[in-house]
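Enquirer: Sharing a sequence plus its predicted fold:
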Amino acid sequence: MAAEKYPPCFKCDCSGDDCRRPGETVPYEWPELIGIEIMKAKVTIENTNPNVTAVPIVDSECIHTSQLCCNRVWLCPDKKGLVRLKPIVG
């Protein structure tokens, strides 16, 4: 199976709600998704903020690039495939 392609990283120096521009109403943090199945969380995030791509992490250690990307949300799973950490932009 080919690896899923993601859009290039739009580098930024913020994360979560700190990335919100004045007047924006889309969410940048999703604490309510902790404990939700990863792919359901991905759909919710991308439907509520179409400017970002939610990226499921394959391993439960949530190893990913440390680069902050204003168009990505890393989804860290627990051993059951449920969201373990609060998903945030950056």
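Expert: Received it, and whenever you're ready, just let me know what you need.

Enquirer: rest of the way, CA atoms for contacts and neighbours
Expert: Fine.

Enquirer: what secondary structure does the residue sitting nearest the centre point of the chain sit in?
Expert: Geometric centre of the chain, nearest residue: Val73, 1.8 Å, by Cα atoms, centre = their mean. Using DSSP: H, G, I helix; E, B strand; the rest coil, the structure places Val73 in strand.

Enquirer: hang on, it packs against Asn49?
Expert: No: in this structure, Val73 is not within contact of Asn49 by Cα atoms under 8 Å, at 10.4 Å.

Enquirer: returning to that earlier point: tell me which residues touch the residue nearest to the centre of the chain, please.
Expert: Contact partners of Val73, counting by Cα atoms under 8 Å, 6 or more residues apart in numbering, are Val52, Thr53, Ala54, Val55, Pro87, Ile88, Val89, Gly90.

Enquirer: and those, which are buried?
Expert: Val52, Thr53, Ala54, Val55, Pro87, Ile88, Val89, Gly90 (16 or more other Cα atoms under 10 Å).

Enquirer: Identify, from those residues, the entry nearest to Gly35.
Expert: Nearest to Gly35 among the buried ones among the contacts of Val73: Pro87, at 11.1 Å, using Cα to Cα.
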